Structure formats: structure tokens, C-alpha cells
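# Provided below for reference: sequence and predicted model.
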Amino acid sequence: MTPTPEDERAHRVLAQGELTVIGRIRSASNATFLCEARLDDDLAHCVYKPVAGEAPLWDFPDGTLAGREFGAYLVSAALGWNVVPYTIIRDGPAGPGMVQRWVDQPGDALSEADEPAHSDGPDLVDLVPAGRLPQGYLPILQAYDHTGDEVTLVHADDERLRRMAVFDVVINNADRKGGHILTGVDGGVYGVDHGVSLHSDDKLRTVLWGWAGKPVDDATLGVLARLGEQVSEDLGAQLGEHITRREVAALRARIVALLDDPVMPTPDRHRPIPWPAF
């Protein structure tokens, strides 16, 4: 997707502007800050995750989560699907880290854009009462809510989510929660929080299992074939600055596997859904 002049201006501000912390996003497991970037008279909001604030994980090397977020953006950009908001690695108030463009959402106080009409229907990923599957939604699993009532985890049968599901298979996303899927006021659907992705071991955990066992369409396969070529060339070299050679090779192997057997995987793994799901 070709950036608009407005996008290019915002990207320049995020890359070159002075970052100022507005507040901390306390729901995040790692140090995560809402910032504004200012360059001359231009202003852009962003999420800033300093490497110094990353919590250690037993299965991912220390200090690599920001680079994995950037790597996920590079894959998204190469696909041309605009799944991940513009993301860079740069210095900030707490040292080097990931900086990602803020997604303006309906009802967001930071948004200056016109908002679409409010919908009373379920969110793209939601919990609904058991036995009441909304039209245009796919059931994922049965569960109980905090009051003990039976509910169904569902997500919309939406092309934007289907692409995100394919993207998650490719990057081996270990943490696709419902809250990591954002609907922008621009009509886009964006995925965020990709710090635990691009591992060489199989770690796919996602709420987007609605297409499990379904064939991957020819148009998507064509995009994946081009991505595989890019991973073998310049994209692989770019990713190699942030993840290991083994992980780059595993990325290409996942692409080849989908091309050879174009069927979405099924949730037959340990912990197939991240918990909590939201």
C-alpha cells in the first residue's frame, strides 16, 4: 500500500521528531508509553517501548522484543497488507526502543479524524452468549465469563482479519489477543504487540482460528510467493539485524510450507489461544 502524503509526513515526524512522554500504558506487560513526536509545526502520536523496559522471558532472548516488533512491521510492509502500523527503532526518552504510530480509534480522545457511525453489534473479536452466534461471525470456543455464564468466543468473518490470520501464521505470532486487534477511524484493521513473534520454534497462539483447516486462496498464495523471494533477498538481510539467521530461515520455511500445502493450520498445539484472550 502506497503511503499518502499525510502518512509520509507522520512517518517523518516519528523518525526525526522530539519524543515526549504523555503517559504510561499500564495494561502492557512491558514498559509502554504513549508519546507525542514533534518536528517543527507537525505533531504525531505514537507508542514507545524502550528495550530497557522489556521484561525477561524464558523462551525469547533478552532485549529482542523491540526488534521483533520492527521485524513484524517489515513483513507486513512487504506483504502490502498494512496489518502493522508504521514502526521504527529509534532512540527515545528511556533509550533505544520501538516507536509505532498510534492508531486512532472511534471514541479515542487523541483522534482528530471524523469517526464512523457507532455500531451496536459485537466487536471484531468478542464474547457473546452461548447459542447466539451473530450473523457474519465465526465461533472459536466455548467458555464461562466472570459470572459463570456460558459464552462463545467469536470473531468476524472479515477479509481484513483473514489476512491478519495468515500474517500471524507467517510470523509465528505467539500472542494474538482480541485486544491486539484495533479498528481505526480510517476503516483499517491493525495488529499490534508483535514482540513475541518470529521465533524458530512453533509458538502460534491466536484468537483468529475461524479459518482453521480452510484453503488459502490463490491471490494470497501469490503474495506469499513474492514474500518468500524477498526474504531470500533484501528483506532477509534487514530482518537479520534483529533476529537470528535460524529465525529468518524458519520464517522462509513457514512461507514455503503454506505454499506447498495451502491450508490454514488447525489449533492442535499446546496453548493454541493466548490467555486471557483479551
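Nice, I can see it. Numbering: from 1, shown residues only.
# And stretch 228-239, what's buried?
Gly228, Gln230, Val231, Leu235, Gly236, Gln238, Leu239 (16 or more other Cβ atoms under 10 Å). Where you see a C-beta, it was placed from the backbone N, CA and C, and this is true even at glycine.
# On the three-state scheme, the fourth one is what?
So the one you mean is Leu235. helix (DSSP: H, G, I helix; E, B strand; the rest coil).
# so what's it up against?
With contact set as Cβ atoms under 8 Å, 6 or more residues apart in numbering, Leu235 has these partners: Leu74, Val75, Ala78, Leu227.
# Was I right to think the third one contacts Leu227?
When you say that, I think you mean Ala78. Yes - counting by Cβ atoms under 8 Å, Leu227 is a contact partner of Ala78 at 5.5 Å.
# wouldn't Ile181 be in contact with Met164 here?
Yes - in this structure, Ile181 is within contact of Met164 by Cβ under 8 Å, at 7.0 Å.
# list residues touching both of the two?
Listed as contacting both Ile181 and Met164 by Cβ under 8 Å, 6+ apart are Val189, Gly191.
# Can you pull up the most central residue in the protein?
For the chain, the residue nearest the mean C-alpha position is Gly191 (2.8 Å; Cα atoms, centre = their mean).
# Specify the beta-bridge partners of that one.
Judged by DSSP bridges, the bridge partners of Gly191 are Ile181.
# Which parts of this protein are strands?
18-24, 33-39, 42-50, 87-92, 95-101, 125-129, 137-144, 150-156, 181-183, 189-191 (DSSP state E).
# tilt between the fourth one and strand 33-39?
It stands for strand 87-92. Counting by axes from the mean of the first three to the mean of the last three Cα atoms, to 10 degrees, strand 87-92 lies at 80 degrees to strand 33-39.
# for the third one, same thing?
Here strand 42-50 runs at an angle of 140 degrees relative to strand 33-39 (the same axes, to 10 degrees).
# low pLDDT regions in the stretch 1-150 of the chain?
1, 109-120 (pLDDT under 70).
# 50 instead?
Scanning the stretch 1-150 of the chain with the threshold set as pLDDT under 50 gives 115-118.
# which ones are touching Val223?
Leu79, Gly80, Trp81.
# burial of the first one, as a residue count?
Looking back up the chat, that one is Leu79. 21 (other Cβ atoms under 10 Å).
# And the second one, by the same measure?
Taking other Cβ under 10 Å as the criterion, the count of residues near Gly80 is 12.
# again, but for the last one
The burial count assigned to Trp81 is 18, neighbours taken as other Cβ under 10 Å.
# I'd say it and Arg163 touch.
Yes - under the criterion of Cβ under 8 Å, Trp81 makes contact with Arg163 at 5.0 Å.
# which residues do the two both contact?
With Cβ under 8 Å, 6+ apart, Trp81 and Arg163 have no common neighbours.
# Kindly check the end-to-end length of stretch 208-221 for me.
End-to-end distance for stretch 208-221, by Cα to Cα, to the nearest Å: 19 Å.
# any idea of the mean pLDDT in that stretch?
The predicted model assigns stretch 208-221 a mean pLDDT of 97.
# Check the offset of it from the chain's centre.
Mean-position distance between stretch 208-221 and its chain equals 18 Å (Cα atoms, centre = their mean, to the nearest Å).
# how about that stretch: buried residues?
Leu208, Trp209, Gly210, Trp211, Ala212, Val216, Thr220.
# Which two among those residues are spaced furthest apart?
Trp209 and Thr220 (17.2 Å; Cβ to Cβ).
# need the contact list for the residue nearest to the centre of the chain.
Ser76, Val83, Val84, Met164, Phe167, Asp168, Arg176, His180, Ile181, Leu182.
# With distance to Ser27 and neighbour count as new columns, can those be given to me in JSON lines?
Output for the contacts of Gly191, formatted as JSON lines (distance: Cβ to Cβ, whole Å; neighbours: other Cβ atoms under 10 Å):
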{"residue": "Ser76", "distance to Ser27": "23", "neighbour count": "25"}
{"residue": "Val83", "distance to Ser27": "21", "neighbour count": "25"}
{"residue": "Val84", "distance to Ser27": "19", "neighbour count": "26"}
{"residue": "Met164", "distance to Ser27": "21", "neighbour count": "26"}
{"residue": "Phe167", "distance to Ser27": "23", "neighbour count": "22"}
{"residue": "Asp168", "distance to Ser27": "21", "neighbour count": "24"}
{"residue": "Arg176", "distance to Ser27": "16", "neighbour count": "27"}
{"residue": "His180", "distance to Ser27": "11", "neighbour count": "20"}
{"residue": "Ile181", "distance to Ser27": "15", "neighbour count": "24"}
{"residue": "Leu182", "distance to Ser27": "14", "neighbour count": "18"}
